[in-house]
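Novice: this one's sequence-less:
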């Protein structure tokens, strides 16, 4: 039996959160981590996220689900929180370049088109998984990924968060 390559995922957390939210559902991060491992042989899943001290429980939960968190300091600009992780994601993808067989890049952001194009040219791109629908995903990113572009809007049944059932066994609504 041939051994599958060790792949790494590089996840733009804010883009994933907002993209899935626009699709009308909530991502179950435990299911998503398992999906990445089973579908794409992802051994390490780097999640790039802005750091706010009050989100410590969220960060702990994500780590328990198997994500490696890469934090970006957040700036408050006139009441708006800003934590752009683009440079960190690109940098870590390249720092880890020799360690993984192929990369799974999870974003809809066209700012990553040059990274995706480079990985594709070097045969180091497994897939680009867009949390947004085809129409909401960057054209530049779709062009760079070519046939390796996938969309999460088709994965709701597999990856949606389902609330625990009520005490009488009646399931709660799964809409968000």
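Specialist: Received, thanks. No experiment lies behind these values; they were computed from the predicted model shown.
Novice: How about the secondary structure of residue 16?
Specialist: Following DSSP: H, G, I helix; E, B strand; the rest coil, we place residue 16 in the helix state.
Novice: tell me the pLDDT at it?
Specialist: Residue 16 carries a pLDDT score of 95 in this model.
Novice: in this structure, which ranges drop under the pLDDT threshold?
Specialist: Where the chain drops to pLDDT under 70, the residues are 1-4, 75-83, 164-176.
Novice: just the helices in it please.
Specialist: 13-23, 29-40, 56-64, 86-95, 113-121, 139-145, 156-159 (DSSP state H).
Novice: May I see those arranged in a markdown table, with mean neighbour count and distance to residue 74 as well?
Specialist: From N, CA and C alone the C-beta is placed, and that goes for glycine too. Formatted as a markdown table, the helices of the chain follow (neighbours: other CB atoms under 10 Å; distance: least, CB to CB, whole Å):
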| stretch | mean neighbour count | distance to residue 74 |
| --- | --- | --- |
| helix 13-23 | 19 | 11 |
| helix 29-40 | 18 | 20 |
| helix 56-64 | 13 | 13 |
| helix 86-95 | 16 | 12 |
| helix 113-121 | 18 | 23 |
| helix 139-145 | 18 | 24 |
| helix 156-159 | 13 | 27 |
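Novice: out of the ones you listed, nearest to residue 127?
Specialist: helix 29-40 (6.5 Å; CB to CB).
Novice: Now do the closest one against helix 13-23, angle only.
Specialist: Here the directions of helix 29-40 and helix 13-23 differ by 100 degrees (axes from the mean of the first three to the mean of the last three CA atoms, to 10 degrees).
Novice: what's helix 29-40 packed up against?
Specialist: strand 7-12, strand 42-51, helix 156-159 (3 or more CB pairs under 8 Å, 6 or more residues apart in numbering; DSSP states H and E).
Novice: which of the ones you listed sits most buried?
Specialist: Comparing the helices and strands packed on helix 29-40 by mean neighbour count (mean count of other CB atoms under 10 Å), strand 7-12 ranks first with a mean of 25.
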